[in-house]
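In: Build me a model from this:
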Amino acid sequence: MEVNNMSKTRVYELAKELNLSSKDLISKLNDLDIKVKNHMSTLEDEEVELIMDLLRDKPQQTEEVNQKEEEDIFEDNLEDIEEERVYKKSFKKGSKKNKKNNKKAVLTEEKEEDEIKIITIPEFLTVKELAEKMKVNPTEIIKKLIAKGIMVTVNQQIDFENAAKIAEEYGFLVDKEEVKDELEMLLEETPDDEKDLQPRPPIVTVMGHVDHGKTSLLDAIRNTNVTMKEMGGITQHIGASVVEINDKKIVFLDTPGHEAFTAMRARGASITDIVVLVVAADDGVMPQTVEAINHVKAANVPMIVAINKIDLPTANPDRVKTELSELGLVPEEWGGNTICVPVSAKKNIGIDNLLEMILLVAEMEDLKANPNKPARGTIIEAKLEKGKGPVATVIVQNGTLQIGDAILAGTVYGKVRAMFDDRGRRIKKAGPSMPVEVLGFSEVPEAGDKLIVVEDEKKARELAERRKELQKEMELKRKQKVSLEDLFSQIQEGSVKELNIIIKADVQGSVEALKKSIEDLSNEEVRIKVIHGAVGAITETDVMLASASNAIIIGFNVRPETNAKNLAEKEKVDIKLYRIIYEAIEDIKAAMKGLLEPKYKEVELGRAEVRAVFRVPGVGNVAGCYVLSGKILRNSDIRVVRDGIVVYEGKIASLKRFKDDVREVQQGFECGIGIDRFNDIKEGDIIEAYQMEEIPR
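Out: As a prediction, this is how the structure comes out:
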């Protein structure tokens, strides 16, 4: 038998030829640094030759070789018989002696193969399919599943987890089958040849604390005035613009600096090549500055610090650099790697230097893309515009987007009907790193979705529908079935109150930001739940949903339709409209206070000592008291303390000075106190008067 001629040889076959046990051979192989797991592992030709040279015994006699070949044939026959036994569940008829010998051989083979049986199964498969893969009776699998409390039939599907447990019981190792559908294949980006790649403009995101001058800095760079258009001077939407310097282009994204827009900021950093962190020289590092730094570090994006407002008399750039150093951003002039550029957006100081630094970092990053392929990009912002329909701001990251392209973004499809650049000019195509406003979507896409160009609109529609189905399936999976444990915990949570909210805004980014900010206000007692968030005016559907869910509708830069307004009045649905995000959050905090259980604190009013006890017919015992401190009020709560122990807590039934009823008795005066439902008053008792005051929240 020539093992050398085989492409791969199993360990047990080689052991047989060398007259060794599989265990001994595995041990020797490990000594030779040839790693094998078990007797069914395969060896390469070179490895086999090496082992044969080192370990082969002297050649056996021809008869012994022939005898060995006969034994091999007999072993092969046994394996064939075993296969027939598994499938047909019986051996062919033969002599009792043969059956006995076969049984022994089969047991030996089973022992050897127990360790190495491997099957590959998908996420879901039927019981029948699993039985066929393991070559066992489906009835046996059904019995095991029923024992685990899973009632199934032979044609019902089971998930990978349960299938793997059953397979393990039969001694199988299980691998999960990776199924790549058309959607995943589309999302996978094919690597480009180096010769096809061309330099592209850097995409720069401007970040920083609120009111540190991000938008003013962008104004100074692109000579536009965005701040005047925005309520409260806070950037509410993500904008994108292209600036040209020294015949080179730079694309700027303006990420809002308000801490409520954390989600938008994180999204901005994910498509960014360079981040410009704006820090005011008079204000230093603030909470949102630290937050922005953490986002940039997580995204592993190069950062340039622009120290703004250096023209102010209170400016202190060195303090800013010190604070940045404490956060691990050591300036270059101090021996670190962080580029710090002092600028003044108002006085136009240091702007050219900042742009040169951006181009320098971009050159070091060697940013390239292939413009000669179907486009891929990211939705930066999306909204519904009157007369235009769904409009999305897209950054093209690779390839070229052209008029007429069939596009897919998340669960939305469409065809590019028109494109506009950052200055509102109509264009026919957009290359890598270009921000464009795209018309032609079927619905408003989600901000942050990947945009992909596909073959045609029909294919885009099919893929969008499939994604919608997958999304629905995922949502259904997230809705947990009620078990006894869940039911008990839900009953326990009866004390937790919910405030349902519906958000409607003019752009998707504002919806996301408001949703995150509002949900962060939840505490142990009140859970805030955003049940719906969308772009566009407040409609009758929104009002009906709010009515059914007992929800408040928050409109951000949108108005309710006439019919919706009338319906809201009829259904008593509360619609709140805002143009600045701070106001929305403050109002929700106020609404929460109404749902919070009030908290009280005890305020001691006074103490009185019982010096005599009088029996009044038809009334009971009345305590003759002397007020030691403070005052005793007629409507106050009291506790009776005897020898330092509280014996009763209750209310005052009557408070008299001589024969007159009074509202209060001050320190140093005597009075008669009747205690509601308590007659066991004794001389020497101390009566403490107190009130419970609500703590403002």
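In: ranges for the strands of the stretch 251-400 of the chain?
Out: 274-280, 303-308, 339-342, 368-369, 376-385, 389-398 (DSSP state E, counting those that start in this stretch).
In: can you redo those as CSV with mean pLDDT?
Out: Compiled in CSV, those are given as follows (pLDDT from 0 to 100):
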stretch, mean pLDDT
strand 274-280, 89
strand 303-308, 90
strand 339-342, 90
strand 368-369, 86
strand 376-385, 85
strand 389-398, 88
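In: Next, format those as CSV and append distance to residue 560.
Out: All C-beta atoms are positioned from the backbone trio N, CA, C, and that covers glycine. Output for the strands of the stretch 251-400 of the chain, formatted as CSV (distance: least, C-beta to C-beta, whole Å):
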stretch, distance to residue 560
strand 274-280, 37
strand 303-308, 40
strand 339-342, 47
strand 368-369, 44
strand 376-385, 15
strand 389-398, 21
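In: of those strands, which approaches residue 648 most closely?
Out: Closest approach to residue 648 among the strands of the stretch 251-400 of the chain (C-beta to C-beta): strand 274-280, 62.6 Å.
In: Can you list the strands that the closest one pairs with?
Out: strand 203-208 (parallel), strand 303-308 (parallel) (DSSP bridges).
In: Can you lay out the ones you listed as TSV showing distance to residue 10?
Out: Shown next, in TSV, are the strands paired with strand 274-280 (distance: least, C-beta to C-beta, whole Å):
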stretch	distance to residue 10
strand 203-208	55
strand 303-308	57
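In: okay, these, which one's buried deepest?
Out: Compared across the strands paired with strand 274-280, strand 203-208 shows the largest average neighbour count, a mean of 26 (mean count of other C-beta atoms under 10 Å).
In: mean confidence score for that strand?
Out: Throughout strand 203-208, pLDDT has a mean value of 84.
In: And for stretch 544-564?
Out: Computed over stretch 544-564, the mean pLDDT rounds to 85.
In: how far out from the middle of the chain is it?
Out: Its chain's C-alpha centre and that of stretch 544-564 lie 27 Å apart, by C-alpha atoms, centre = their mean, to the nearest Å.
In: Looking at the protein, which strand is longest?
Out: Scanning the chain for the strand with the most residues, using DSSP state E, yields strand 599-616.
In: Now do that strand: which elements does it pack against?
Out: strand 620-633, strand 670-675, strand 686-695 (3 or more C-beta pairs under 8 Å, 6 or more residues apart in numbering; DSSP states H and E).
In: partners of it in the sheet?
Out: Strand 599-616 is paired, per DSSP bridges, with strand 620-633 (antiparallel), strand 686-695 (antiparallel).
In: To residue 672, which of the ones you listed lies closest?
Out: Across those, closest to residue 672 is strand 620-633 (C-beta to C-beta), at 5.0 Å.
In: For the closest one, buried residues please.
Out: Neighbour counts over strand 620-633 (16 or more other C-beta atoms under 10 Å) mark 620, 621, 622, 623, 624, 625, 627, 630, 631, 632, 633 as buried.
In: my guess is the fourth one meets residue 687, correct?
Out: Read it as residue 623. Yes - using C-beta atoms under 8 Å, residue 623 is in contact with residue 687, at 6.8 Å.
In: right, and the helix or strand after the helix-or-strand element of the chain with minimal mean pLDDT?
Out: In the chain, the helix or strand scored least confidently by mean pLDDT, DSSP states H and E is helix 484-492, which has a mean of 43. Where DSSP states H and E defines the elements, the next helix or strand beyond helix 484-492 is strand 497-505.
In: how much distance is there from that following strand to the middle of the chain?
Out: With C-alpha atoms, centre = their mean, you get 20 Å for strand 497-505.
In: The very next helix or strand once past that strand to strand 389-398, inter-axis angle?
Out: Counting by DSSP H and E, the next helix or strand C-terminal to strand 497-505 is helix 508-519. Interaxial angle, helix 508-519 versus strand 389-398 (axes from the mean of the first three to the mean of the last three C-alpha atoms, to 10 degrees): 100 degrees.
In: Would you mind listing the buried residues in helix 508-519?
Out: Of the residues in helix 508-519, those buried (16+ other C-beta under 10 Å) are 508, 509, 510, 511, 512, 513, 514, 515, 517, 518.
In: repeat for stretch 641-656
Out: 648, 652, 655, 656.
In: Restricting to C-alpha, output it in PDB.
Out: Only the C-alpha atoms of stretch 641-656 are listed here, as PDB (Å, rounded to 0.1, in the frame of the first residue of the first chain):
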ATOM      1  CA  VAL A 641     -43.000  60.400  73.500                       C
ATOM      2  CA  ARG A 642     -42.700  58.500  76.800                       C
ATOM      3  CA  ASP A 643     -39.300  57.900  78.300                       C
ATOM      4  CA  GLY A 644     -37.700  58.500  74.800                       C
ATOM      5  CA  ILE A 645     -40.100  56.000  73.100                       C
ATOM      6  CA  VAL A 646     -42.900  57.000  70.700                       C
ATOM      7  CA  VAL A 647     -46.100  55.600  72.000                       C
ATOM      8  CA  TYR A 648     -48.500  57.200  69.600                       C
ATOM      9  CA  GLU A 649     -48.600  59.300  66.400                       C
ATOM     10  CA  GLY A 650     -51.800  61.100  65.300                       C
ATOM     11  CA  LYS A 651     -53.600  64.400  65.000                       C
ATOM     12  CA  ILE A 652     -54.700  67.000  67.600                       C
ATOM     13  CA  ALA A 653     -58.400  66.800  68.200                       C
ATOM     14  CA  SER A 654     -58.700  70.100  70.200                       C
ATOM     15  CA  LEU A 655     -56.300  72.900  71.300                       C
ATOM     16  CA  LYS A 656     -57.500  75.300  74.000                       C
END
